[in-house]
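**Q** Dropping a prediction and its sequence here:
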Amino acid sequence: MMICCLDLEGVLVPEVWINVARKTGIKDLLLTTRDIPDYNVLMRYRLKILKKHGLRLPDIQRVIARMRPLPGAKTFLNRLRARTQVIILSDTFYEFADPLMRQIGYPTLFCNRLKVAKSGLITGYKLRQSNGKEKAVRGLRKLGFEVRAAGDSYNDLTMLKSANRGILFNPPAAIRRKYKRFPVTRTHAALLKQLLK
Ligand SMILES: [Mg+2]
């Protein structure tokens, strides 16, 4: 019995933080998990930048509300969900994800929560567990599923390695070169084919 685990940003929707950086003009927010492999280092850096610029959760939510899924992502997800169960495993936060989930039909999403002060300033974040993507895949395998996983970044590699089959979707060149064991897909049509193979 098969189940698919998908990364969210870079696979189904654009990078949230890059959009926030562009809309606010804060270039320091352009870095993502594609650039900095250590998620905690990246998040601590982002929170410092938000504080410095006085950017609050509602400001970020306004940017996200105007974002759209990647072209073709909704059709891809609908087709995949018609064939198999799908769980989105993301390092984003429920506070960010909602407007995007609405546009792709509210698939099951495992992610994290932000800590927000009354003022709306983001003071921290709570990971449900460390290395959540990998643990979710291992848990699903223990439940008897054959897991196929797809992602684009450093924070997906443990998920891809622990799955029965891992697939890269539009990864940066450095990841593509270093992890040749994973097939690389560049379109949602190709990804669908690989996941259902
Ligand atoms: Mg990603």
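**A** Arrived safely.
**Q** Up against the ion, what does this protein have?
**A** Contact residues, the chain versus the ion (Cβ under 5 Å from the ion): 7, 9, 10, 152, 153. Every C-beta, even on glycine, is put in place using the N, C-alpha and C of the backbone.
**Q** Whichever of these end up buried, select them in PyMOL.
**A** Under the burial definition 16 or more other Cβ atoms under 10 Å, those of the residues of the chain next to the ion that qualify are selected in PyMOL by:
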select buried, resi 7+9+10+152+153
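**Q** which of the residues of the chain next to the ion has the weakest pLDDT?
**A** pLDDT across the residues of the chain next to the ion is lowest for residue 153, at 91.
**Q** That one and residue 35 touch, don't they?
**A** No: taking contacts as Cβ atoms under 8 Å, residue 153 lies outside contact range of residue 35: 9.2 Å.
**Q** mind exporting stretch 142-162 as CSV, just the C-alpha atoms?
**A** Output of stretch 142-162 as CSV, limited to C-alpha atoms (Å, rounded to 0.1, in the frame of the first residue of the first chain):
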residue,chain,number,x,y,z
LYS,A,142,5.9,1.4,10.4
LEU,A,143,2.2,1.6,9.7
GLY,A,144,2.7,-0.6,6.6
PHE,A,145,2.9,2.0,3.9
GLU,A,146,5.3,2.1,1.0
VAL,A,147,6.3,5.8,1.1
ARG,A,148,7.2,7.9,-1.9
ALA,A,149,8.5,11.4,-1.2
ALA,A,150,9.3,14.5,-3.2
GLY,A,151,11.0,17.7,-2.3
ASP,A,152,13.3,20.4,-3.6
SER,A,153,15.7,21.4,-0.8
TYR,A,154,18.2,20.5,1.9
ASN,A,155,15.4,20.1,4.5
ASP,A,156,13.9,17.4,2.3
LEU,A,157,16.9,15.1,2.1
THR,A,158,16.3,13.1,5.2
MET,A,159,12.7,12.6,4.1
LEU,A,160,13.8,11.5,0.7
LYS,A,161,16.4,9.1,2.2
SER,A,162,14.0,7.5,4.6
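**Q** next one: it to chain centre, how far?
**A** 12 Å (Cα atoms, centre = their mean, to the nearest Å).
**Q** tally of neighbours for the residue nearest to residue 163 when sequence neighbours are not counted?
**A** Closest residue to residue 163 apart from its sequence neighbours, by Cβ to Cβ, 6 or more residues apart in numbering: residue 149 at 3.8 Å. Per other Cβ atoms under 10 Å, the neighbour tally for residue 149 reads 29.
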